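S.K.: Predicted model and sequence follow; I will ask about them next.
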Amino acid sequence: MPYPDLPVSVKTDLASMSMREHHHMWHLARNPDFWNSLTPQEKADLTAQGWNAPRFHGTSGSGLDFLGMHRNMIPHVNHLMAQAGDPSWPSVVAWMPIPWSESDADWPMPPSWPGMHPSMGEAKSPASVSDNQQAVAQLTDPAVLKQVSLDALGRYIEGTIHAWMHNRWSAQPVADVWAPEPENDYLGAPFSSHVNKHFWKLHGWIDERIRDWERANDRQADLSDAWSGPSMHTLQPMAEALGARVRAAKAFIFAVDRRALTELLAIPRG
Ligand SMILES: [Cu+2]
């Protein structure tokens, strides 16, 4: 039996338009393909609302942004889970280990669907599992963690196992990927991924890597410079403001960065 879904009250809160737009815009603003496709006016509008990312994903500093922003999301959902009181979801608990088998009893890999992005097909292939098992062996080896900055760790995670997990556990989305209902919990796009139960298992796993890094380096992670975007409380309805441009970005995918993977696998193990 697949693991139970998130409690309805938690899903409903996560599906709010402010949560959706925040997570969506945060990922989008860090994507150079998206940002560079905007008109000067659109850039100015986004900048006025605090959505000018200080750097794009994959560049220096972006790994801290990635780790810090997603770490910030966890206390909120922990609070929602505590209120819901569902024994299956007491708090965010990391996958440990990652459920590698496609027929895992609790976390089976959702089937492919016609027209899915090639990245999904790649992540659902048996061949991709061994690459990612190697990546995980690197990311959890104290000898490797001693050689990388926290920023580099975040960049490696975002571009390798993170993108792979999003794509591998994606299921066919609902017909309208911009639907506000909690049923729209497509893991393959940031407008909806955080409404999906798999998101909290995989981001729980990622958050644990910060603690591993702290242990390996015997110092506390400093995420104070991480960019989290504008405060949720002042958030404007960006989907309306940007109209077609934001809708056009529905092709957003969590892209695997082959270069990051190659670099990560080349770091000498302990
Ligand atoms: Cu995210």
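M.R.: Arrived safely, thanks for sending.

S.K.: For Asp185, give me its contacts.
M.R.: By CB atoms under 8 Å, 6 or more residues apart in numbering, Asp185 lies in contact with 11, 15, 192-193, 195-197. Where C-beta positions appear, they are placed from N, C-alpha and C, glycine not excepted.

S.K.: Quick check: it vs Trp205, distance?
M.R.: 19 Å (CB to CB, to the nearest Å).

S.K.: cool, and Asp86?
M.R.: Using CB to CB, Asp86 is found at 20 Å from Trp205.

S.K.: can you list the contacts of Asp185 in a markdown table and add neighbour count, secondary structure and distance to Arg55?
M.R.: Below are the contacts of Asp185 laid out as a markdown table (neighbours: other CB atoms under 10 Å; DSSP: H, G, I helix; E, B strand; the rest coil; distance: CB to CB, whole Å):
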| residue | neighbour count | secondary structure | distance to Arg55 |
| --- | --- | --- | --- |
| Lys11 | 19 | helix | 32 |
| Ala15 | 19 | coil | 29 |
| Ser192 | 26 | coil | 25 |
| Ser193 | 24 | helix | 22 |
| Val195 | 25 | helix | 27 |
| Asn196 | 23 | coil | 27 |
| Lys197 | 19 | helix | 31 |
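
S.K.: residues near the closest residue to Pro142 other than its chain neighbours, how many?
M.R.: With sequence-adjacent residues excluded and distances taken as CB to CB, 6 or more residues apart in numbering, Pro142 is closest to Ala216, at 4.0 Å. By other CB atoms under 10 Å, the residues close to Ala216 number 19.

S.K.: Which secondary structure state does Ala216 sit in?
M.R.: Here Ala216 is recorded as helix under DSSP: H, G, I helix; E, B strand; the rest coil.

S.K.: Look up the closest residue to Ser88, ignoring the ones flanking it.
M.R.: Leaving aside its sequence neighbours, Ser88 sits nearest to Pro4 (CB to CB, 6+ apart; 4.5 Å).

S.K.: Count the neighbours of the one you found for me.
M.R.: Residues lying near Pro4 (other CB under 10 Å) number 12.

S.K.: Now for the residue nearest to Gly50 when sequence neighbours are not counted: which residues touch it?
M.R.: Spatially, and ignoring its direct neighbours in sequence, Gly50 is nearest to Pro230 (3.1 Å; CB to CB, 6+ apart). Pro230 makes contact with 49-51, according to CB under 8 Å, 6+ apart.

S.K.: just Ala135 next, same as before
M.R.: By CB under 8 Å, 6+ apart, the residues touching Ala135 are 156, 160-161, 164, 261, 264-265.

S.K.: Ignoring the adjacent residues along the chain, who's closest to it?
M.R.: According to CB to CB, 6+ apart, the nearest residue to Ala135 is Thr160 (4.7 Å).

S.K.: so what's Met116 up against?
M.R.: 170, 172.

S.K.: go on, Ala152?
M.R.: Applying CB under 8 Å, 6+ apart, one finds that Ala152 lies in contact with Gly63.

S.K.: how close does it get to Ser60?
M.R.: Plainly put, Ala152 is 9 Å away from Ser60 if you go by CB to CB.

S.K.: about what we covered before: and the pLDDT at the residue nearest to Ser88?
M.R.: As predicted, Pro4 sits at a pLDDT of 98.

S.K.: what about it, distance to Leu153?
M.R.: Distance of Pro4 to Leu153, computed by CB to CB: 32 Å.

S.K.: And His76, by the same measure?
M.R.: 24 Å.

S.K.: so Ile157 makes contact with Arg209?
M.R.: Yes. Using CB atoms under 8 Å, Ile157 is in contact with Arg209, at 6.2 Å.

S.K.: burial of Glu21, as a residue count?
M.R.: 24.

S.K.: In terms of helices and strands, where is it?
M.R.: Using DSSP states H and E, Glu21 sits in helix 17-29.

S.K.: tell me which residues in that helix are buried?
M.R.: 19-29 (16 or more other CB atoms under 10 Å).

S.K.: how far is it from where the chain is centred?
M.R.: On the basis of CA atoms, centre = their mean, to the nearest Å, helix 17-29 sits 12 Å off its chain's mean C-alpha point.
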